[in-house]
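K.L.:
okay, predicted coordinates and the sequence, questions at the end:
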Amino acid sequence: MSGTTEHTKDTARVVAGLKAAVHNPNVSSEAKENALKRLEEMGQSADPIMPAQSKATQSAAAEAHEKNVLRGYKAATSNPHVSEEAKQHAREVLEAAGIQHKLDTHSEEEHQHRVLAGYKAAIHNPNVSAAAKQHAREYLADSGVTDLD
């Protein structure tokens, strides 16, 4: 090749790279400061939300994110792999957000009623194995249940 090809950079890609550097935890503070200065010189912000998004879209995205975070806290309260301390923290966050999440609100009698109903349902479920149906019948008989319909 005898001609020289001049390489031009796509400004949008440069901005994206600088924003990525600002938000990357593996980038040094000095490099982040340099990236912020370059973004400012280019008239850009380090905000990861695209400027094309409207305020309403940004607000809806933030609200959806908050709902997902609260769903995670709610799930943590019943996850057996979560420590009791973390469950308590999750309950506190949910309470502060105005979400009343009641754990074990039904009585032992209601719990037993639900267990028996589950065994009755298992007997009539075509996807339950014969052995599991037999176990359900035995459990119900031991519990004094004679009406299996």
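P.N.:
Noted; the coordinates are in hand. Residues are numbered from 1 along each chain as shown.
K.L.:
for the one helix or strand residue 16 maps to, packing partners?
P.N.:
Using DSSP states H and E, residue 16 sits within helix 11-23. Counting contacts by 3 or more CB pairs under 8 Å, 6 or more residues apart in numbering; DSSP states H and E, helix 11-23 is packed against helix 29-41. Every C-beta, even on glycine, is put in place using the N, C-alpha and C of the backbone.
K.L.:
low-confidence ranges in the chain?
P.N.:
1-7, 48-55, 100-106 (pLDDT under 70).
K.L.:
about what we covered before: got the buried residues for the helix holding residue 16?
P.N.:
15, 18, 19, 21, 22 (16 or more other CB atoms under 10 Å).
K.L.:
ok, now stretch 130-143?
P.N.:
In stretch 130-143, counting by 16+ other CB under 10 Å, buried: 136, 137, 140.
K.L.:
could you do stretch 84-98 as well?
P.N.:
Within stretch 84-98, the residues that count as buried by 16+ other CB under 10 Å are 87, 90, 91, 93, 94.
K.L.:
what's near enough to touch the second one?
P.N.:
Okay, so that is residue 90. By CB atoms under 8 Å, 6 or more residues apart in numbering, the residues touching residue 90 are 73, 74, 76, 77, 82.
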